[in-house]
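1. quick one, fold the following:
(one chain, ligands or ions: 3)
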Amino acid sequence: MRAQQPDRARGVPGPAYPGSVTLTWPDDLVAAQQPSWGGTDALSAATAELLTYPPLVFAGECDNLRERLAAAARGEAFLLQGGDCAETFADATADAIRRRVKTILQMAVVLMYGGGLPVVKMGRMAGQFAKPRSNDTETREGVTLPAYRGDAVNAYEFTEAARAHDPQRLVRAYHTAASTLNLIRAFTTGGFADLRQVHEWNRGFTSNPANARYEVVAREIDKAMRFMAACGADFDALRGVEFFASHEALLLDYERALTRTDSRTGLPYATSAHFVWVGERTRELDGAHIELAARVQNPVGVKLGPKTSPDDALALIDRLDPDRTPGRLTFITRMGAGKIRDVLPAVVEKVRSSGAQPLWITDPMHGNTFESASGYKTRRFDDVIDEVRGFFEVHRALGTVPGGLHVELTGDDVTECIGGSDEISDAALATRYESVCDPRLNHQQSLEMAFLVAEMLGQR
Ligand SMILES: O=C[C@H](O)[C@H](O)COP(=O)(O)O
Ligand SMILES: C=C(OP(=O)(O)O)C(=O)O
Ligand SMILES: [Mn+2]
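-> Ligands and ions are numbered 1, 2, ... in the order given. Sure thing, here's the model as predicted:
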């Protein structure tokens with residue numbers, strides 16, 4: 001079995017098709033973390049098929065999102081971005097999608113109350129099917145196979161056939177993203193997001209004695225709802241919410257096939273999602289991923305790990321947001337609870353001095369991963385919260401805006417992260433560890449986080 005190898009970016013060949021845009025760049029641009037299917041007929045067949053499919057999002061929606069993110073960067077809104085580390089095809093069921101959307105809606109109401117700000121809701125959903133990995137291979141009991149790289153590349157099952165990189169999976173990723181997004185749109189515009197109902201769900205959470213410490217805030221929200229009702233607020237007008245889709249723009253073959261020309265402006269947009277980000281492992285300044293992000297008009301994000309220098313951040317701003325368009329660029333910092341207070345200040349300070357105003361959000365998950373004694377990849381709930389706290393402290397000290405939260409979470413009662421009010425222990429991780437990549441906060445832990453972050457927002 002051939003191990004995954006870094007591929008080289010290639011221009012998109014093939015016939016012109018309506019709305020297509022041919023993104024090409026020099027062959028020597030490094031494209032890290034790509035599948036080993038480069039140059040195969042199977043890949044050409046898959047991308048040719050993708051090219052015939054409609055965009056998943058409309059460019060005008062991406063522009064609306066850019067405006068919402070600009071408001072968050074100014075401190076007039078707060079971004080909540082959450083979902084699986086790796087979505088799977090099997091878990092794209094109505095129930096699982098509903099529970100994830102429900103969790104995000106519940107968190108958003110709590111954050112909205114805490115901050116007194118609109119919350120921009122965004123899923124790591126409908127396209128989060130590809131993963132960068134530390135190692136190209138995985139070894140179990142003496143057998144070495146290619147690492148799992150997300151359902152858009154290979155399957156999780158540990159067999160040679162399942163782990164082969166199969167470009168037809170890109171087509172399935174598209175269809176799964178389309179049906180997921182369709183259901184998200186149905187839920188969020190069809191009445192499921194009704195504020196009164198979301199509030200009832202939150203009352204259910206705080207009525208659990210384990211979550212008693214959050215009851216005060218829940219009662220305050222209750223009072224605010226009654227106040228709104230007394231004022232004659234039209235709750236029926238609050239039955240629908242905007243909800244945006246996002247994922248890491250990792251697979252260049254998928255993203256290029258879904259980059260389309262906006263009929264209104266003639267400009268290229270990634271139409272695989274409203275927002276795409278470039279990960280910590282692929283954000284090389286002159287690499288193909290940054291080139292892709294630089295070309296598309298969507299609001300885009302970049303992850304910044306603990307080794308980020310202030311100059312790295314400035315260079316990314318110059319590449320991705322040369323015109324300093326409000327809402328265009330989001331920096332997603334993921335430094336680790338033990339490092340954020342040391343590393344982030346210099347980066348933020350230099351960016352601030354340059355006059356740029358990206359949206360700063362915190363990903364308190366990826367810098368806090370470790371292997372537990374029982375052998376599970378996990379994170380401590382307390383570390384996650386501590387990183388968020390550090391993020392708020394740094395921005396407050398510098399007078400910049402802590403504008404959002406990026407979380408790996410699920411609506412299910414999994415046991416993947418240690419701690420929280422249910423006090424999940426290392427030994428309990430085995431009970432229900434379902435993630436195929438990184439450990440997610442479960443439904444309870446996600447809500448608990450929302451209440452804690454609401455307190456931090458309230459101190460703003
Ligand atoms: O989600 C992030 C990365 O893909 C993930 O943390 C990499 O994990 P690995 O170190 O197990 O490859
Ligand atoms: C791969 C991820 O993160 P990072 O790029 O920050 O490591 C992720 O968000 O799942
Ligand atoms: Mn992850």
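2. I'd say residue 206 and residue 214 touch.
-> Yes: with contacts counted by Cβ atoms under 8 Å, residue 206 reaches residue 214, the gap being 5.1 Å. Every C-beta, even on glycine, is put in place using the N, C-alpha and C of the backbone.
3. what's around the residue nearest to residue 133 when sequence neighbours are not counted, how many residues?
-> In space, and not counting its chain neighbours, residue 133 is closest to residue 147: 4.5 Å by Cβ to Cβ, 6 or more residues apart in numbering. By the criterion of other Cβ atoms under 10 Å, residue 147 has 19 neighbours.
4. for residue 147, which residues are in contact?
-> Residues in contact with residue 147 (Cβ atoms under 8 Å, 6 or more residues apart in numbering) are 4, 133, 135-138, 163.
5. give me that answer again for 10 Å
-> 3-4, 131-139, 153-154, 163 (Cβ atoms under 10 Å, 6 or more residues apart in numbering).
6. that older thread, what do residue 206 and residue 214 both touch?
-> Joint contacts of residue 206 and residue 214 (Cβ under 10 Å, 6+ apart) are 110, 447, 451.
7. surely the second one touches residue 103?
-> In other words, residue 447. Yes: applying Cβ atoms under 10 Å, one finds residue 447 in contact with residue 103, separated by 7.2 Å.
8. joint contacts of these two?
-> Contact with both residue 447 and residue 103 is made by residues 201, 409, 441, according to Cβ under 10 Å, 6+ apart.
9. and the shared contacts of residue 206 and residue 214 as JSON lines, adding secondary structure and neighbour count?
-> Formatted as JSON lines, the shared contacts of residue 206 and residue 214 follow (DSSP: H, G, I helix; E, B strand; the rest coil; neighbours: other Cβ atoms under 10 Å):
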{"residue": "110", "secondary structure": "helix", "neighbour count": "30"}
{"residue": "447", "secondary structure": "helix", "neighbour count": "26"}
{"residue": "451", "secondary structure": "helix", "neighbour count": "24"}
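10. can you count the residues close to residue 223?
-> Neighbour count for residue 223, taken as other Cβ under 10 Å: 10.
11. distance-wise, check it relative to residue 199.
-> Look at residue 223 and residue 199: by Cβ to Cβ, to the nearest Å, they are 11 Å apart.
12. what touches both of these two?
-> Counting by Cβ under 10 Å, 6+ apart, residue 223 and residue 199 have no common neighbour.
13. helix, strand or coil: sort out whichever residue of the stretch 101-250 of the chain sits closest to ligand 2 for me.
-> Closest approach between the stretch 101-250 of the chain and ligand 2, counting by Cβ to the nearest ligand atom: residue 132, at 5.4 Å. At residue 132 the chain is in coil, as set by DSSP: H, G, I helix; E, B strand; the rest coil.
14. same thing with the one 3 residues further on?
-> With three-state DSSP as the basis, residue 135 sits in coil.
15. mind pulling the model confidence for it?
-> What the model reports as pLDDT for residue 135 is 98.
16. so which bits of the helix or strand that contains residue 219 are buried?
-> According to DSSP states H and E, residue 219 maps onto helix 215-230. For helix 215-230, burial by neighbour count (16 or more other Cβ atoms under 10 Å) applies to 215, 217-218, 221, 225.
17. within the helices and strands, which one has the closest residue to residue 218 other than its chain neighbours?
-> Nearest residue to residue 218 in three dimensions, chain neighbours excluded: residue 206, at 3.9 Å (Cβ to Cβ, 6+ apart). Per DSSP H and E, residue 206 falls inside helix 195-207.
18. as CSV, could you dump the C-alpha coordinates of that helix?
-> Below are the C-alpha coordinates for helix 195-207, written out as CSV (Å, rounded to 0.1, in the frame of the first residue of the first chain):
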residue,chain,number,x,y,z
LEU,A,195,-36.2,31.2,20.6
ARG,A,196,-38.9,30.0,23.1
GLN,A,197,-38.1,26.4,22.3
VAL,A,198,-34.4,26.9,22.6
HIS,A,199,-34.9,28.5,25.9
GLU,A,200,-37.0,25.6,27.1
TRP,A,201,-34.2,23.2,26.2
ASN,A,202,-31.8,25.3,28.2
ARG,A,203,-34.1,25.2,31.2
GLY,A,204,-33.9,21.4,30.9
PHE,A,205,-30.1,21.6,31.1
THR,A,206,-30.0,23.9,34.2
SER,A,207,-32.7,21.9,36.0
